[in-house]
Every structure is written in C-alpha cells, then in structure tokens.
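S.K.: Pasting the sequence and the predicted model now:
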Amino acid sequence: MKPRLLVVLAVIVAAAVLVSLTQLGAQTVRVRVTTTTSLYATGLLDYLEDQFRKQHPNVEIDFIAVGSGEALRRAEMGDACMVFVHAPSLEKQYMARGAIAEGRIFAYNYFIIAGPPSDPARIKGEDDPVDAFEKIYEAGEEGRALFVSRGDNSGTHVKELSLWEAAGLDPRGRPWYLETGSGMGNTLLVANERGAYVLTDIGTYLKFRKDGKIPNLDVMVQGGDELLNIYSVYLVPTCSGEEAKYARMFADFVAGEAQSLIGSYKVDVYGQPLFYPAQGKLDWLAEKWQELAGG
Amino acid sequence: MAGEALEIAARSLAISGTATLLSSAWSVVLAYLLARSPRASRLLVPFLEALVGIPTVLVGLLLYLLLSSQGPLGMLRLLYTPRAIVVGQAILITPLITSVAYRVLTHSWSMYGELALALGAAERQAARLVFSESLPGLAAAVVMGFSRAFGELGVALMVGGNIRGYTRVITTAIALEVSRGEFGLALSLGAMLVAILVLVSLTLRFLGRLREQ
Amino acid sequence: MSAAIELRGVWHMYPGSGRWALRDVSLEVAEGRILAVVGPNGSGKTTLLKIAGTLYRPTRGTLRLWGSDFWAVDGDERLRLRRLVVYVHEKPVLVRGTALHNVAYGLLLRGAPPEEALSRARRVLERMGAGELAGRERGQLSAGEAQLISILRAVAAEPRVLLLDEPTAHLDLEKRRRLASLIRELRGRGMGVVVATHDYLLARSIADEVVVVEEGRLKARGPPGEVLEV
Ligand SMILES: Nc1ncnc2c1ncn2[C@@H]1O[C@H](COP(=O)(O)OP(=O)(O)OP(=O)(O)O)[C@@H](O)[C@H]1O
Ligand SMILES: [Mg+2]
C-alpha cells in the first residue's frame, strides 16, 4: 500500500471516531463542580445529587474531587461552575480576586485530633487544640511523639497549619513531622502504623475506625470552636448559560431544602451525624467563618 | 453496587477501546513509515522508545493545561468529558504501539517485503504481504497499548475528573474506593480490571488462531 | 546483443557497517547460460545476487537490466524489469498457506488467475517429485523441503534470469541431482541462471562459467575446469 493512502485512511478513521464521540450526551446539562476529596469521599454530594435529580432529571452534576486549594484554582481557571470547599482562609483570597462569589455556608462539623492510645504527649481531654499542638511539638522535639500531616494544601491541611500558627510554632522540616502529601485515608493509615498524632475530619475517621483499619488511633481532642470545620458552596462568575442556571438551583437546594437530609446523612451507620446543617446557625457560623478566615 | 461496577467496566472498555483504535490507526501508519525510512527511524525510534514509560499524570497534566478553559484548546470544551480521556489515552499509548509495531514491521519487511519484491511484487503487494504476516505482532502491540490505556490512572483522573456516571473508569474508581477506605471494593474492581485485560488478550489470540487455519 | 543483467562499477556498503561489502564489481549475466558464484563466507556473494536481483540499490555504480538503468526508471517500467529477474533467498521464507500456495505465489503476484497458477504450481512440484508436499502448511516442512519449495516458487514464476543463493544447502543428494537437472532444463529453455554456492560439485557439473569473489572483489573468472582447482 502507498504510505500516502495509509495516512489518509488513518486520518479518516481518527476523524470519524472523534466526531461520533462529540455527538454523545448532547441534550443533558452538565454542571461542573470541583470539590474537596474528604467531602466527596463521604458520599454526601452524590447523595444530594441523586435527590436533586429527582426534580431535575435532565441535569448532571459532575463532581471533580481534588484538594480544596486545587478545587479553587481550577474554578479560577474556568474549569468549574461551582465549588464545595472547607478552607475559609483560601476562600477569602479567591473571593477577593473575584474568582468565586455568592458563597453560602451549608454545613459544618468538627475536626478531631487523633493519636495512639498510649498518648505520649499527654493531650487526651485537652480543651484547647492549640495547647494540644504545643504539647505534641514539645514531645516531638524530645523524641517521644510523631505527627502526620496531609501536606497537600487540602482544607484539612490548611486547618492544621493555622493551628500551628496559632501556637506560634513551625513544625515543617522537623524529624518527627511527617508529610504524606496524600489523601485523608492514606494519612490516617500512616499515622496508625507509625503511632502518630494526626488532625482529621470526622467523616473519614469514623469510616476507617468502624472498618477496623485504624485500631491504633483514638480520639484525643474534639469539639470546641477552634476545630470547627465549615463547608461552603460558591458559584463561579465566569460560568454562564444553562450550566450557571442549574448550578445556582443546586446551590439553593443544598442550602435550603436539603438541610434536613444533610443532618441525618449516615446517622444510621455511625450512630452520630457526619455533618450538621447550617440552617438556623448562619449568624454564628458566619462569625466563626470570619475568624477562621483570618479577620 | 454491582450494577454500577458493570457500568464503570463498560465505560472503561468503551473509552480505552476507542483510544486504542484511534491510537492504533496513526501508530501503525507511523510505524510503517518509519520501517520504510531508516534515516527517520534512527532519529525517532529511540525517542519513541524512551517515551514508552512516560508518567500518565504528566500526560494528564499537559493535556489538562491544553484543554482547560484558559488553555489554547479550551474552546473545544473537552475537559472533564470521556472524549478528553480518549484523546489523552490515545496519546499516552502512541509511543508504545508505534515502537512495538515498528519492530514487528521492520522484521517483517526484511523477510516478507524482500521476498515479495524478489518475486516481482509491486510495492503495494509487498506492503500487503508484510501487513498480513505482521498481524499477530501488530495485534500484540495493540493489546499492549490497550492494557496500558485500560490500567492507567493519571490521564483519566486529570482530564476526566472521575465524575460518577460520566467519566468514572475502573482505575479512578479504585483510587476513590481506596481513599474511602473501601479496600474490599477496590480489590474487586482491580480483579475485574485484570479479568477484562486477560479476556481481551485471549479473545484476540483466539481470533488469530482462527485466521491461521 | 546486450547482456540481460549488467553490473558496472558496483560498490556496496550496508548502512552503518562502515565496510565495503562489494568493491568495484563489474559483471554481465546472459540468458541461456549458467553462472556459478563461489567464494568464502562473507565475501559478498549474497550481496552481489541481491543487487543483481534489484533488492538492494548499490551505493555506487549502475545496474542495467536488458539495457535499461534499473534505478533510473520508475513506475510500471521498473516493475516490468523487476519481474524478469527472481532472486531466491539462502534462508527460505515461506508465506502463510500450503506449499502449493507458496509455489503459486509468484504467479499470483503477477496477476495469473488462481486456478491456472495452482495447476502450474502442481506441475512444477510433480516435476521435482515433490507432489506429496502440496498440501503441507509452511510450519510442517523440513528445512530441505522448505528450501525446495522456495526454489520451485521462483521457477514457477518463469523469470528470464533466476538467481539462486545457496540452493543446495539443505538438500539431500537425490534432490541435488534433480535440482541440477532442472537447472540444465531451464537453461535449455533459454533462462539465465546464477548460482551462488559452496557446493563445488554442483558448480563443476552445471556451470558454463564461474566467478570467484573474495573480500568484495571479483578475483577470477572462467570455465569451471580452470577456475575451480581442487
Ligand atoms: N545486512 C547487513 N548489514 C551489514 N553488513 C552486512 C549485512 N549483510 C552482509 N553484511 C556484510 O557484508 C559482507 C558480505 O556479506 P554477504 O552476505 O554478501 O556474504 P556471502 O558471500 O553471501 O557469505 P556466505 O557464504 O556466508 O553466505 C560480509 O562482511 C557481511 O558481514
Ligand atoms: Mg550468502
């Protein structure tokens, strides 16, 4: 066969395949949403989408799960129409730049500090997480304790860094401070293996704990406004058309109608809620959000 | 759950299968052109062979930067669609299919191409014989390409986004289940992935056997 | 009368080898005659035959087929000339299919109707007493049988000049005798035959003329009785 003929043939095949692919999924509206991995991993967002689609079957909410920082960055790039995040200080920066807007708090829960049952840093029952971090730092320097960090610019990581900052300490680079650079689940497994302390969201912790994957990690510090974890949803101003319209509808749904669903989500599984609805506590949450965002 | 797993498997098969067909179309042509021009191949083939192991996330990242709304190809609106994964995987496996097909075709040309010309074949008849005798080798190249596309994670995650019911493929589903702590589920998905790969390879082998007879 | 094949000042170097495989070789091959090419391993016999058979383009020098500069013409004319000369590899290569299909393959390439090609192939096989090989697949043939099939495939294509590279390497004595008589018969029909071989018995018994190749050069040329000293 003549080479030129083959080239033409290959181009035709390639073009045909691409064209046929473009025809797929023409009539449904797809709403691109970036979100944090830990939130997505709980399954709450898929569950809310399923409920939403009962009223709007022609809409697909496309969740793209990445770290909070990445979720906001991609939104700014114009690659998402809506963002679900829990990193107030980052959110504030992106809002100031106009990359995201119309923020609404829709849920909250609490981070917890988990650690080995032997509790070498003696933090169990501590009220103030900042004090607990100070003790971990001290114990770490004395070679008695380890701390595992996400190190991935996720909401949980941002939270952890703000606690160190509040304590006036910088653990980065210390030999007892391990950065996994990976998701919450993997970070918990590392902490469990190494007998280390770790800051974690409640959802991932309960799931791994219930499955018996982290027997070596007990809850050390919980509750208190310092560990408050606030989830917000934002719209992206550069997004337009049908996609923007349905994005707003979904945000309304999550912040409104769906609030009771959020409070009861998986209570039957874990015996306690993973999330608390924001409705009714918005003023308090807004105030706390400002504090967390840094002024 | 089982229904969803099947749906994910079917989607993976469609996406990676399309990517493999697409990539095979241009890779085999490229391999043939290289096999027929020693000078170009001396320059290009080592380059292609080196790229066989290119990290999948790197291809994913480059493609993401291209396809992002602010990227040069943003207006195609391909990001976070199955098409984006198809394109990414097709690019990813091009060096693999091309370099294996190149080996197969050069070897085949030195035997059968030369034979055909010796017997008085026209260039086109020689090429036809070379391709016909190369089919088992080319099929192996295609199976390898499919296997790499089917088992890769980086491209599917970066430009597909692991969107439930849309761009979630077996590998991204495994990654998600691992992050959720659902190791059992992740393992069954992995077993399914391997089973499909073996099945595809055996099917092609069987078809080759039929053809020999 | 111009020669059927004429090499003039041919030099050849395989790409990347850095050595001349042929140095300044000039040679004519006529129809109706048998030429034996002898010489040690690696002296350049195969290279010479493949250049004569249009498979390699010489690095330097010209190849004329029936007066035309082969590498200067193209398209249909080149194909027409190529079909007049058939080279048989020293390592037999068979295409997928039966021995019969293989013997018919050269004719099929030339556009002969399949039935005609197959019946002619069968006659050629039977002429060599190899009729019973007809139905065998290529994987089911011994080395000698495969070599015989690859020679007969070229014979069946009826070229004007046949180039045989080491044709008796795998053949038993009986087959060698039959092959020698077949080659003489072909000469009788006006075909030119060039045989590169280490088989001096064969060269002595059939060749009209012998050339000796050494280190890529033609060292001697003449009747077998003179050139092939024991
Ligand atoms: N494909 C190739 N690439 C590089 N060098 C080659 C190639 N084929 C042959 N040569 C070299 O060219 C020279 C001539 O080889 P050729 O095959 O013509 O020898 P020959 O006379 O046929 O030997 P033999 O009796 O072993 O068949 C040798 O030095 C060989 O090493
Ligand atoms: Mg030789």
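M.R.: Everything's here; your move. Ligands and ions are numbered 1, 2, ... in the order given.

S.K.: Just say helix, strand or coil for residue 95.
M.R.: With no chain named, the answer covers chain A. helix (DSSP: H, G, I helix; E, B strand; the rest coil).

S.K.: tell me, how many neighbours does it end up with?
M.R.: Residue A:95 has 16 neighbours, counted by other C-beta atoms under 10 Å in any protein chain shown. For the C-beta atoms, the positions are set from N, CA and C on the backbone; glycine is no exception.

S.K.: quick one, what contacts the residue nearest to residue A:147 when sequence neighbours are not counted?
M.R.: Here the nearest residue to residue A:147 in space, its sequence neighbours aside, is residue A:197; by C-beta to C-beta, 6 or more residues apart in numbering or on different chains that works out to 4.8 Å. Applying C-beta atoms under 8 Å, 6 or more residues apart in numbering or on different chains, we find residue A:197 in contact with A:113-116, A:121, A:123, A:136, A:145-148, A:191, A:220.

S.K.: and of these, the nearest to ligand 1?
M.R.: residue A:148 (60.2 Å; C-beta to the nearest ligand atom).

S.K.: residue contacts, the closest one?
M.R.: A:178-180, A:187, A:190-191, A:194, A:196-198.

S.K.: ok, now residue A:94?
M.R.: So residue A:94 contacts A:72, A:75-76, A:100 (C-beta under 8 Å, 6+ apart).

S.K.: same deal with residue B:98?
M.R.: B:27-28, B:30-31, B:34, B:48.

S.K.: Could you work out the most separated pair of those residues?
M.R.: Maximum pairwise distance among those (C-beta to C-beta): 13.2 Å, between B:28 and B:48.

S.K.: re earlier: quick check, nearest of the contacts of residue A:148 to residue C:120?
M.R.: For these, the nearest to residue C:120 is residue A:180 (75.9 Å; C-beta to C-beta).

S.K.: Now do that closest one against residue A:88, distance only.
M.R.: 23 Å (C-beta to C-beta, to the nearest Å).

S.K.: go on, residue B:205?
M.R.: Per C-beta to C-beta, residue B:205 is found 58 Å from residue A:88.

S.K.: ok, the spatially closest residue to residue A:277 that is not a sequence neighbour - contacts?
M.R.: In space, residue A:277 comes closest to residue A:259 once its chain neighbours are excluded; the distance is 4.0 Å by C-beta to C-beta, 6+ apart. Taking C-beta under 8 Å, 6+ apart, we find residue A:259 in contact with A:106, A:277-279.

S.K.: Quick one: buried ones out of these?
M.R.: A:106, A:277-279 (16 or more other C-beta atoms under 10 Å in any protein chain shown).

S.K.: ok, which pair from these is furthest apart?
M.R.: A:106 and A:279 (8.5 Å).

S.K.: What separation is there between the closest residue to residue A:210 other than its chain neighbours and residue A:205?
M.R.: Closest residue to residue A:210 apart from its sequence neighbours, by C-beta to C-beta, 6+ apart: residue A:270 at 6.6 Å. Plainly put, residue A:270 is 10 Å away from residue A:205 if you go by C-beta to C-beta.

S.K.: higher neighbour count, the two?
M.R.: Legend: neighbour count by other C-beta under 10 Å for residue A:270 and residue A:205, higher for residue A:205 (21 against 15).

S.K.: mind saving the C-alpha coords of the helix or strand the more buried one falls within as PDB?
M.R.: If you go by DSSP states H and E, residue A:205 is part of helix A:202-210. What follows is helix A:202-210, C-alpha atoms only, in PDB (Å, rounded to 0.1, in the frame of the first residue of the first chain):
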ATOM      1  CA  ILE A 202     -14.700  13.300  61.400                       C
ATOM      2  CA  GLY A 203     -16.200  11.500  58.300                       C
ATOM      3  CA  THR A 204     -13.000   9.800  57.200                       C
ATOM      4  CA  TYR A 205     -12.000   9.000  60.800                       C
ATOM      5  CA  LEU A 206     -15.400   7.300  61.600                       C
ATOM      6  CA  LYS A 207     -15.400   5.300  58.400                       C
ATOM      7  CA  PHE A 208     -11.800   3.900  58.900                       C
ATOM      8  CA  ARG A 209     -12.400   3.400  62.600                       C
ATOM      9  CA  LYS A 210     -15.600   1.400  62.000                       C
END
